[in-house]
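Engineer: missing the sequence, but the structure's below:
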């Protein structure tokens, strides 16, 4: 990020405590279960660290998927109800497929799942959605990324894994912009 961009981003900065997993020598476990997988069991120790979080939206042109690993993209959706799984699969999945093709230049895109989260416990229970993740994490590892390809495309996986592939996540607020 350029020095000018860094200075512009200070206006939207907040300080927050983020929880990082400690290396205790014991493998941490994170498991979801129950209807809608909305319950969670975790093991392992975490440590809170103060970090500065900046609003990247004013700097959206500074980011590029190929260079920074993420990109801010404006996308209008035709989805009316993000809690309607059938509508998401019928409307949003094709929208995301087209968006990822456009942004990444990929020849083939497979949208394979979605996760909705809510900070409101009553909404989570009523709509069977997950809670926000409260610790720093990565969704895929050197092992789990290729394994996801094997799980989704067992007949093609070994051939596909000989080439470059990416797991790209599309994130959006479904209610109002996140502050």
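Structural biologist: Structure's in. What do you need? Just so you know, these numbers come straight off a predicted model, no measurement behind them.

Engineer: Please make it C-alpha for all contacts and neighbour counts, starting now.
Structural biologist: Fine.

Engineer: low-scoring stretches of the chain, by residue?
Structural biologist: Scanning the chain for pLDDT under 70 picks out 1-11, 36-38, 176-179.

Engineer: can you map out the strands along it?
Structural biologist: Assigned by DSSP state E, the chain shows strands spanning 14-21, 30-33, 39-42, 46-53.

Engineer: Out of these, the one nearest residue 119 is which?
Structural biologist: Residue 119 sits nearest to strand 39-42 of all the strands of the chain, at 13.5 Å, using CA to CA.

Engineer: Pairing partners for the closest one, with directions?
Structural biologist: Strand 39-42 has its sheet partners listed here by DSSP bridges as strand 30-33 (antiparallel).

Engineer: contacting residues around the longest helix along the chain?
Structural biologist: With secondary structure taken from DSSP state H, the chain has its longest helix at helix 93-104. Under the contact criterion CA atoms under 8 Å, 6 or more residues apart in numbering, helix 93-104 has outside partners 65-66, 77, 106-111, 168, 170.

Engineer: Mind telling me the two of those residues farthest from one another?
Structural biologist: 66 and 77 (24.1 Å).

Engineer: of the contacts of helix 93-104, buried ones?
Structural biologist: 109, 111 (16 or more other CA atoms under 10 Å).

Engineer: and which of the contacts of helix 93-104 is nearest residue 135?
Structural biologist: Looking across these and measuring by CA to CA, the closest to residue 135 is residue 170, at 19.5 Å.
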